[in-house]
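Novice: here is the input, now give the coordinates:
(2 chains)
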Amino acid sequence: MTTTTLAVTDPRRERLAALGRRAAIRLAGGVLVLWAVATLTFFALRLMPGDPVLAILGGPSGNPTPEAIEAARVEYGLDKPLAVQYVFYLGRLVQGDLGVSYSQHLPVTRVLAEQGGATLELTVAALVLAWLLVLLLTVVTAGRGRLVGGIASLAETLSAALPHFWLGVVLLAVFAFGLRWFPPAGSDSFASLVLPAFSLAIPLAGFIAQVTRESLELTLDQPFVLTARTRGLSDLAVRFRHALRHALLPGVSLSGWAIGALISGAVVCEVIFSRKGVGRQLYQAVQAQDLPLVIGISLVVAAGYVLANILVDLLYQWIDPRQQEAAA
Amino acid sequence: MNTPILPLIPLCTALALLGCEKTEQHAAQSTQPQQGGTLVYATDREPTCLDPHVAGDMPQVFIAQQYLDSLVSMDSNGQIGPWLATSWEVSPDGLRYTFHLRRDVHFTDGTPFNAEAVKANLDHMANPKTQSSTAGGYIRQYRGTKVIDTYTAEVTLATPYAAFLEVLAQGFLGIQSPTALQRSRDQNCESPVGSGPFKVVRWDRQNQVELVRNPAYNWAPPTARHQGPAYLDRIVWKFIQEPSVRFASLQAGEVDVIEALPPESHEAARRNPDVELIIAQRPGNPTNGTFNLRRAPFDDIRVREAFVRSADVEGALKSVYFGEFPRAGGPLSLATPFYSGDFERSQEYDPARAARLLDEAGWTGRDSEGYRTRNGQRLRAVVLIGARTPPSELTLWEQVQATTRQAGLELVLDQMSDAQVTARQAAWDYDIRTGYWNTNTPDVLRIIFTTAFVQPAGVGGYHQNSSGYADPGYDALLDSALATQDAGLRRQRYFQAQQQAAAQYLQLTTYPQSTRLGIYKTAHGVRLEPSLAVTYLYDAWVNK
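Specialist: Sure, this is the predicted structure:
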């Protein structure tokens, strides 16, 4: 008897169950998104005029024999009607088979396994770095009067507006070629991660800092902050322990969106810094009309995006349980 | 074929300037080769497959030259010499080539080199499943190989093909271990096995290929500067796509050799005492825009010549490539065997002659924008610009556009995806098609201009002769050049072929393709293999 009443009334378990339901619904939606991504990419690439076979046999000085062209068409199933190709492709996809990349002569899963780590490393490093910059900048400068706030806010707007490629090139010029603190190219060492991570993190930090500053300034005007101050807490302690938790929410939800922005920025950064990664691979795969690889990378990026957003959603509820009641 | 991101270019130029910091230290120039060490090489494009038989793009042959040997060698005069084959005989009808092979060669997987290996390699290139575009395309005439004895192989061709030995000298047709070739194509792409001075040990995609010395190597070609194993222990072959980053890495000494030195950095490289340059033209058909003869306006030879005469290519090259790229005026680049210099000036800028020719051709009207018209139709030509066209090449065509406008011709630069370019090419829906062809034989004039290559290769409709030029006399001339082994006769036939191609104004040729290396003071003995002007690190050593 006690157990059943507990199950019904224990607010923590209820909260977890609600979170679970929410996660399940979001996951189902995510699967739908992935199917849409696969389908759209498939038709977008297939309906593009031109013959991927020539891209495969490629090279401007290529001189393929008719037999070689025919053999390649048959090998990749390009001789079949589009609808049949689509059904076959989807069928294999459901079984977890992403196919073989035309241009890399490798299974798509292996390309992803070899290249995914580097991109993940870069995006995670950039996200963490962005948040460090945000916390440093906003917590210390918010509500410090118009001049400090104005300068900080200007810096945020400017950095949010910086294009990745420009920032990347400037960082290269100053810190790799000028000061020689970091290597200009490569993906082997921690040192080679620093510049690309900064060129991704700085614009993102600008965005997140803008919203965080606004909400932090609102929070600092709240009565509970005054209460905390009257308890004799130092200014920084008030800011970090009390105000920040309330002010983080918009920034956290923006981080979910940021995963997408980071991936698109990663394409540029990986090219500029000659880094390994799925971004640069995607750029090349699109040019070569390498359908399995383009869909494979798009799916993984979309899956990462969907998952990140589900996580952000759940995190949101965790940071601020009030959200849940509103949702329920 | 390069893949830079467009907006990067101007900034990267600025960056290259910033990167011009010089190191004052001078290492004592060592003239004595030193054993050991690692040479770091950086190039722009990563191959999609390391086996040069598959597909066949230039980045593949550059790596292949380090780990593969060829049946025959070619020297800088275009003379064919022995390599894995010590001698050969050609039957009087030109259909049978009997190769006598070296007996002391083995591949780095232990497989011995013999007549069976020759057969396995030629069969592999000709097999459609290999998806060979370059090697397979060059031996379309191949019918089969007969193993006479262990070290004698007889190759049979369907038609006489005097260019056979020339193409065999290209790294694209390098000889691989038959044991390794038995694996799947994709496996062989990743870890090909040759008998060359180095062997491929690891390919870290989008980063680098690592090669190590083959300690047993003792069969260098006569063109090499030494015999025995290579000096270097190891080569790290890196891919750095951005030209300015590549050049800055060289100036910083992070890499020892870079390929595809950007023309805007030539001057900086020359001024840098730590950097040496090797610039060599590649043989074949130079960079060009080929006219589509199958529709107006370029079905009229007068309009073709008028276009050529109204295009100030020299001026454009000066401004786009800082005068670093010479003009190519004839159908062959000067590094090609049997090249004749007589046609270098056949495309000189002559706007007065262009105007006269257009008047003669009936394009005498003018519309409101100042373009010439005939029967109410504007004189207009469309050039297809694919997405992978380098920005500098696009700028070059914009300059051409500006000068042809003065002659009253509207040149439309139609930018689109590369796949669309292929589709438009297949449908003959263009007036000018840009391209080039790197090969070490004047037989390229047959591939790009004879009737046989007007026919589409495969169902896609893609054709190699993008001019649509179809002249039985020209076809016969090129076939007859293949039917003789007599160098004098071949020279004469290819002279006639160059003469005819130039006189027909089938292309606006712009500049020859080139291999451009920047070499840091730490690297020595870096050379180009003559057949395709490909980097050759067998004789190289480092002094670090």
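Novice: for the nearest residue to A:Leu282 once chain neighbours are set aside, what are its contacts?
Specialist: With sequence-adjacent residues excluded and distances taken as C-beta to C-beta, 6 or more residues apart in numbering or on different chains, A:Leu282 is closest to A:Ile297, at 4.6 Å. C-beta coordinates here come from the backbone N, C-alpha and C atoms, glycine included. For A:Ile297, the contact set (C-beta atoms under 8 Å, 6 or more residues apart in numbering or on different chains) comprises A:112, A:278, A:281-282, A:285.
Novice: redo the residues you listed as TSV? Include secondary structure and pLDDT.
Specialist: What follows is these, written out as TSV (DSSP: H, G, I helix; E, B strand; the rest coil; pLDDT from 0 to 100):
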residue	secondary structure	pLDDT
A:Leu112	helix	93
A:Val278	helix	92
A:Gln281	helix	91
A:Leu282	helix	91
A:Ala285	helix	87
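Novice: what helix or strand is the closest residue to A:Ala258 other than its chain neighbours located in?
Specialist: Nearest residue to A:Ala258 in three dimensions, chain neighbours excluded: A:Leu204, at 5.4 Å (C-beta to C-beta, 6+ apart). Per DSSP states H and E, A:Leu204 falls inside helix A:191-220.
Novice: again, but for A:Ala152
Specialist: Judged by DSSP H and E, A:Ala152 forms part of helix A:146-161.
Novice: separation between the closest residue to A:Leu78 other than its chain neighbours and B:Gly56?
Specialist: Leaving out its chain neighbours, the residue that sits closest to A:Leu78 by C-beta to C-beta, 6+ apart is A:Val53, at 6.3 Å. From A:Val53 over to B:Gly56 the distance is 15 Å, taken as C-beta to C-beta, to the nearest Å.
Novice: so the two - more neighbours on which side?
Specialist: B:Gly56 (32 against 27; other C-beta atoms under 10 Å in any protein chain shown).
Novice: report pLDDT for that one.
Specialist: B:Gly56 is assigned a pLDDT of 88 by the prediction.
Novice: now swap in A:Val94 and tell me
Specialist: pLDDT, read off for A:Val94, is 87.
Novice: ok so, going back, relative to the whole chain's centre, how far out is the helix or strand hosting the residue nearest to A:Leu282?
Specialist: Secondary structure assignment for A:Ile297, by DSSP H and E: helix A:291-319. On the basis of C-alpha atoms, centre = their mean, to the nearest Å, helix A:291-319 sits 8 Å off its chain's mean C-alpha point.
Novice: give the buried residues for that helix.
Specialist: For helix A:291-319, burial by neighbour count (16 or more other C-beta atoms under 10 Å in any protein chain shown) applies to A:291-302, A:304-306, A:308-313, A:315-317.
Novice: ok, now stretch B:84-97?
Specialist: B:84-85, B:88, B:90, B:94-95, B:97.
Novice: export these to JSON lines and tack on pLDDT and secondary structure?
Specialist: JSON lines is the format used below for the buried residues of stretch B:84-97 (pLDDT from 0 to 100; DSSP: H, G, I helix; E, B strand; the rest coil):
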{"residue": "B:Leu84", "pLDDT": "98", "secondary structure": "coil"}
{"residue": "B:Ala85", "pLDDT": "98", "secondary structure": "strand"}
{"residue": "B:Trp88", "pLDDT": "98", "secondary structure": "strand"}
{"residue": "B:Val90", "pLDDT": "97", "secondary structure": "strand"}
{"residue": "B:Gly94", "pLDDT": "95", "secondary structure": "coil"}
{"residue": "B:Leu95", "pLDDT": "97", "secondary structure": "coil"}
{"residue": "B:Tyr97", "pLDDT": "98", "secondary structure": "strand"}
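Novice: state the distance from the residue most central in space within chain B to chain A.
Specialist: With distances taken as C-alpha atoms, centre = their mean, B:Asn438 lies nearest the centre of chain B, 2.6 Å away. Between B:Asn438 and chain A the distance is 5 Å, computed by C-beta to the nearest C-beta, to the nearest Å.
Novice: beta partners of that residue?
Specialist: Beta-bridge partners recorded for B:Asn438 (DSSP bridges): B:Gly284.
Novice: OK, contacts around it?
Specialist: A:61, B:58, B:282-284, B:513, B:532.
Novice: tell me the buried residues within these.
Specialist: Neighbour counting by 16+ other C-beta under 10 Å classes A:61, B:58, B:282-284, B:513, B:532 among those as buried.
Novice: now, which of the residues you listed lie within strands?
Specialist: B:Gly284 (DSSP state E).
Novice: show me the shaky parts of the stretch 351-500 of chain B.
Specialist: B:457-461 (pLDDT under 70).
Novice: also chain A?
Specialist: Chain A contains residues with pLDDT under 70 at A:1-9, A:49-51, A:55, A:58-63, A:321-328.
Novice: longest helix anywhere in it?
Specialist: Assignment by DSSP state H gives helix A:11-46 as the longest helix of chain A.
Novice: who are the packing partners of that helix?
Specialist: Helices and strands touching helix A:11-46, as assessed by 3 or more C-beta pairs under 8 Å, 6 or more residues apart in numbering or on different chains; DSSP states H and E, comprise helix A:82-94, helix A:291-319, helix A:322-327.
Novice: could you rerun that using 10 Å?
Specialist: For helix A:11-46, the packing partners by 3 or more C-beta pairs under 10 Å, 6 or more residues apart in numbering or on different chains; DSSP states H and E come out as helix A:2-9, helix A:82-94, helix A:278-287, helix A:291-319, helix A:322-327.
Novice: just the buried residues of the second one, please?
Specialist: So that's helix A:82-94. Buried residues in helix A:82-94, counted by 16+ other C-beta under 10 Å: A:85-86, A:89, A:93.
Novice: so which of the contacts of B:Asn438 are in helices?
Specialist: Residues of the contacts of B:Asn438 located in helices (DSSP H): B:Met58.
Novice: ok, the contacts of B:Asn438 vs B:Ala316, which is closest?
Specialist: Proximity of the contacts of B:Asn438 to B:Ala316 (C-beta to C-beta) peaks at B:Gln513, which lies at 16.9 Å.
Novice: quick check: the gap between the closest residue to that closest one other than its chain neighbours and B:Ala487.
Specialist: Leaving aside its sequence neighbours, B:Gln513 sits nearest to B:Arg282 (C-beta to C-beta, 6+ apart; 4.3 Å). Shown here: B:Arg282 relative to B:Ala487, a distance of 22 Å by C-beta to C-beta.
Novice: ok, back up a step: now do the helix holding A:Ala152 against helix A:191-220, angle only.
Specialist: With axes from the mean of the first three to the mean of the last three C-alpha atoms, to 10 degrees applied, the angle from helix A:146-161 to helix A:191-220 works out at 140 degrees.
Novice: does any part of helix A:146-161 sit near chain B?
Specialist: No. Helix A:146-161 does not reach chain B (C-beta under 10 Å from any C-beta of the partner chain); its nearest approach is 15.3 Å.
Novice: ok, then the element right after that helix?
Specialist: From helix A:146-161, the next helix or strand downstream (DSSP H and E) is helix A:164-171.
Novice: give me the helices and strands touching that following helix, please.
Specialist: Applying 3+ C-beta pairs under 10 Å, 6+ apart, we find helix A:164-171 packed against helix A:191-220, helix A:249-272, helix B:8-18.
Novice: now do whichever residue of the stretch 151-300 of chain A sits closest to chain B against B:Pro263, distance only.
Specialist: Nearest residue of the stretch 151-300 of chain A to chain B (C-beta to the nearest C-beta) works out as A:Phe177 at 3.8 Å. Separation of A:Phe177 from B:Pro263 (C-beta to C-beta) stands at 20 Å.
Novice: and the two? Which one has more around it.
Specialist: A:Phe177 (24 against 20).
Novice: ok, the more buried one touching B:Arg246?
Specialist: No. Contact between A:Phe177 and B:Arg246 fails when scored by C-beta atoms under 10 Å: they sit 11.9 Å apart.
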